[in-house]
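A.B. asks: Any chance you could fold what I've pasted below:
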Amino acid sequence: MKQVCVLGGSGFVGSAIVRQLSLAGHGVKVLTRRRETSKHLILLANVDVVECDVMDDAALANALKGSDAVINLIGILHNSKKASFNAIHALLPARLAKLCSKLGIKRLVHMSALQASQQAPSAYLKSKAEGEAAVLRANKNLDITVFRPSIIFGRGDGFINLFATLVKILPVILLAKPNAKFQPIYVEDVAKAFVTSLYNIDTYGKAYDLGGPKIYTLRQLVTYVANTLGKKRPIIGLNNMLSYLQAFAMELLPVKLMTRDNVRSMEVDSICVTSFPACLGFQPVALETIVPDYLSDDNPRNAYNRFRTRAGR
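C.D. replies: Numbering: from 1, shown residues only. From the prediction side, this is the model:
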């Protein structure tokens, strides 16, 4: 495989995958709504960033032409009129699989979510399950692999960094669903799983859970973030009713940090029922070996980044 088309390649996870594909010598086409948001990828070797409306079948088919493999990473955390769970998580993967089959593109790797299920309590997880099922149904004509990661951490993530910000600015943390469990996995390990699977015929027709080596409650993760930052913050866990009330209030904010559907997703623990896939040939790294480097202000890399920011570079 030489030419890989990545949908959602300019995001947090996508950027890591594109970098690894580039280093592996692939030609990479990144589809994005706005090329400006992907400037960090343009200078990578063999990477072409193309503006494309993936909701338009004709435009998407034209962008996919010439690809040997397709990776779909497109997803949203919050439902809206402009971008619904059904359109993004369920219908898009189904359309994509049909277009790949029509164009003769055999290899498709798709990102779902841990605990995606038609019986899940949240619309997010249900829609992810629908998309996953649609892709796997195409396995007769395509070589499909599906990955279901737990929460993903790394420099620039939207989870650990969010709580780091809250710990810095709030004297007390009111925490919804404090006992919800997660199995965080490093973004570079997720990227390695996607890139490694491209060559691996043992992964064809399979769906894999992806999680790190440790399981944490949400309270434990926030406590770890606070300790890493050297901040002492009381953490008050909210019961179910108060968790939903907090989420409802946050839904009214211009920027939605959390919704009631997010709370419903946390009613099922985001942990793997099986061990990390041995066929991928590596083991994921622990959160404790990565997070301090990008949370702490007292390290050379962050000092250099602050210097560059002040210098306007």
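A.B. asks: for this protein, what spans make up the strands?
C.D. replies: For the chain, the strands defined by DSSP state E occupy 3-7, 27-32, 47-51, 69-72, 107-111, 143-149, 152-153, 173-175, 181-182, 185-186, 206-210, 216-217, 235-237.
A.B. asks: out of those strands, nearest to Arg264?
C.D. replies: Nearest to Arg264, of all the strands of the chain, is strand 181-182, at 15.2 Å by C-beta to C-beta. Using the backbone N, CA and C atoms, a C-beta is placed for each residue, glycine as well.
A.B. asks: if you average pLDDT over that closest one, what comes out?
C.D. replies: On average, the pLDDT along strand 181-182 is 98.
A.B. asks: And for the nearest residue to Leu142 once chain neighbours are set aside, the neighbour number?
C.D. replies: If the residues on either side of it in the chain are set aside, Leu142 comes closest to Leu108, at 5.2 Å by C-beta to C-beta, 6 or more residues apart in numbering. The number of residues packed near Leu108 is 26, by other C-beta atoms under 10 Å.
A.B. asks: which residues touch Thr289?
C.D. replies: Contact criterion C-beta atoms under 8 Å, 6 or more residues apart in numbering gives no residues in contact with Thr289.
A.B. asks: What distance do you get for it to Phe182?
C.D. replies: Using C-beta to C-beta, to the nearest Å, Thr289 is found at 17 Å from Phe182.
A.B. asks: same deal with Val18?
C.D. replies: Distance, Val18 to Phe182, using C-beta to C-beta: 26 Å.
A.B. asks: now do Thr274
C.D. replies: Distance, Thr274 to Phe182, by C-beta to C-beta: 16 Å.
A.B. asks: Pick out whichever of those two has more residues nearby.
C.D. replies: Each of Thr274 and Phe182 has its neighbours counted (other C-beta under 10 Å); Phe182 has more, 24 against 8.
A.B. asks: now the longest helix seen in the chain, how far from the chain's geometric center?
C.D. replies: With secondary structure taken from DSSP state H, the chain has its longest helix at helix 123-137. Mean-position distance between helix 123-137 and its chain equals 15 Å (C-alpha atoms, centre = their mean, to the nearest Å).
A.B. asks: The chain should start at 25 in everything you say after this.
C.D. replies: Happy to do that; since the first residue is 25 now, the last one works out to helix 147-161.
A.B. asks: Low-confidence regions, the chain specifically.
C.D. replies: Scanning the chain for pLDDT under 70 picks out 25, 321-337.
A.B. asks: Please, where are all the helices along it?
C.D. replies: 36-47, 63-66, 81-88, 109, 116-127, 147-161, 184-193, 211-223, 242-253, 264-275, 284-289, 315-319, 324-335.
A.B. asks: Include distance to Lys53 and mean neighbour count when you put those helices into TSV, please.
C.D. replies: TSV is the format used below for the helices of the chain (distance: least, C-beta to C-beta, whole Å; neighbours: other C-beta atoms under 10 Å):
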stretch	distance to Lys53	mean neighbour count
helix 36-47	10	22
helix 63-66	11	14
helix 81-88	7	16
helix 109	26	24
helix 116-127	13	20
helix 147-161	20	22
helix 184-193	29	17
helix 211-223	14	21
helix 242-253	36	19
helix 264-275	36	15
helix 284-289	32	21
helix 315-319	29	17
helix 324-335	30	10
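A.B. asks: Next, format those as TSV and append distance to Phe177.
C.D. replies: Output for these, formatted as TSV (distance: least, C-beta to C-beta, whole Å):
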stretch	distance to Phe177
helix 36-47	10
helix 63-66	19
helix 81-88	31
helix 109	23
helix 116-127	25
helix 147-161	19
helix 184-193	5
helix 211-223	7
helix 242-253	9
helix 264-275	22
helix 284-289	17
helix 315-319	6
helix 324-335	17
